[in-house]
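Undergrad: Next come a sequence and a model predicted from it.
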Amino acid sequence: KEKVEITKEQKALTKVIVEAYNRHQIPQDVAKKLLQDQYSVEENFLLLTEMATSQVQVIVEFTKSIPGFLSLDHEDQIALLKGSAVEAMFLRSAQVFSKKMPNGHNGILEERIRKSGISEEFITPMFNFYKSIIGLHMSLEEQALLTAITILTPDRPYVKDHQAVEKLQEPMLDVLRKVCVLQHPQEPQYFARLLGRLTELRTLTHYHAEMLTSWRMNDHKFTPLLCEIWDVQ
Ligand SMILES: O=C(Nc1ccccc1)[C@H](C1CCCCC1)n1c(-c2ccc(Cl)cc2)nc2cc(F)c(F)cc21
């Protein structure tokens, strides 16, 4: 049985990623707001566009802390952010949803999201993804590293220097693999299952524009940033 050892450099890398990850706190506020009050479909839509817009800014800050990201070609930096923003938002939503809350709160949160205005057809695939994330019982390190790995996906549209992105993603994958082995010793396939969630995440984000434009109300207004990132309007 191979002895898995996390090197000093890998510990330092994980610390940087987790600290950057901890700095983005918005989603907790969303959950708190949703638990406080029942909002109309219009208010929920507004809350989503505001939260998603600030989430993009938060993801930019998080990504800038990833060692080496700022030395990538500038157009590639934009391509990586644009290509991963929606996935990062759904991944973050799933992680917020998977947080254990005082008894009954998770049920209320699910109810409020089901009734928020999202079209019926998207509710099942979205919650299937959220529940598959819950089932993994991811640690904070795994959540932070998985988010960084999602952003550093070399095969996003318009990325020119794939190699340079792979060179940044590889060390993250290496340390995530080791963290998984150390934190889930009884589940040798845990790392593979974790990466498998990224495939499910991509199918969910495939519907993202339609999820917004089919929100059960008329006249959907988006911020300029969301029009850029969410392929809407
Ligand atoms: O804001 C949100 N997610 C967010 C998270 C992180 C950062 C930015 C945004 C929205 C809410 C949903 C209910 C109405 C108000 C917005 N949200 C979503 C969600 C996102 C996009 C689409 Cl198209 C559909 C649903 N899934 C969630 C799970 C949670 F536990 C949850 F708490 C909030 C969630």
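TA: Yep, it's here. On a predicted model such as this, the values are computed, not experimentally measured, just so you know.
Undergrad: Tell me the buried residues in stretch 204-221?
TA: Neighbour-count burial for stretch 204-221 flags Leu204, Thr205, His208, Met211, Leu212, Ser214, Trp215 (criterion: 16 or more other CB atoms under 10 Å). Where you see a C-beta, it was placed from the backbone N, CA and C, and this is true even at glycine.
Undergrad: what's in contact with the helix or strand where the fourth one lies?
TA: Following DSSP states H and E, one finds Met211 within helix 208-213. Surrounding helix 208-213, the residues in contact under the criterion CB atoms under 8 Å, 6 or more residues apart in numbering are Leu48, Val86, Phe90, Ile118, Ser119, Phe122, Met126, His220, Phe222, Trp230, Asp231, Val232.
Undergrad: Next, see if that helix gets close to the ligand.
TA: Yes. Using CB under 6 Å from any ligand atom, helix 208-213 reaches the ligand at His208, Met211, Leu212.
Undergrad: Please identify which of the buried residues of stretch 204-221 is nearest to Gln77.
TA: Thr205 (19.8 Å; CB to CB).
Undergrad: how far away is the closest one from Trp215?
TA: Distance of Thr205 to Trp215, computed by CB to CB, to the nearest Å: 16 Å.
Undergrad: Could you do Glu141 as well?
TA: Per CB to CB, Glu141 is found 35 Å from Trp215.
Undergrad: now do His208
TA: 12 Å.
Undergrad: sorry, back to before: would you turn the residues of helix 208-213 next to the ligand into a markdown table with pLDDT and distance to Ile17?
TA: Listed next are the residues of helix 208-213 next to the ligand as a markdown table, based on pLDDT from 0 to 100; distance: CB to CB, whole Å:
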| residue | pLDDT | distance to Ile17 |
| --- | --- | --- |
| His208 | 92 | 25 |
| Met211 | 94 | 29 |
| Leu212 | 93 | 29 |
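Undergrad: SS state for Leu168?
TA: For Leu168, the assignment made with DSSP: H, G, I helix; E, B strand; the rest coil gives helix.
Undergrad: close enough to count as contact, it and Thr63?
TA: No. Applying CB atoms under 8 Å, one finds Leu168 not in contact with Thr63, separated by 10.5 Å.
Undergrad: which residues do these two both contact?
TA: Phe69.
Undergrad: Not counting its own residues, what contacts the lowest-mean-pLDDT helix or strand in the chain?
TA: Least confident helix or strand, the chain: helix 26-36 with a mean of 81, by mean pLDDT, DSSP states H and E. Under the criterion CB under 8 Å, 6+ apart, residues 47, 51, 54-55, 58, 92-93, 95-97, 99, 101, 105, 108-109, 112-113, 116 lie in contact with helix 26-36.
Undergrad: rerun that using 6 Å as the cut-off
TA: Helix 26-36 has contacts (CB atoms under 6 Å, 6 or more residues apart in numbering) with Met51, Ser54, Arg92, Val96, His105, Ile108, Leu109, Arg112.
Undergrad: quick one: contacts for the fifth one?
TA: Spelled out, that is His105. When contacts are counted by CB under 6 Å, 6+ apart, His105 touches Leu35.
Undergrad: Repeat the analysis, applying 10 Å as the threshold.
TA: By CB atoms under 10 Å, 6 or more residues apart in numbering, the residues touching His105 are Ala31, Lys32, Leu34, Leu35, Lys99.
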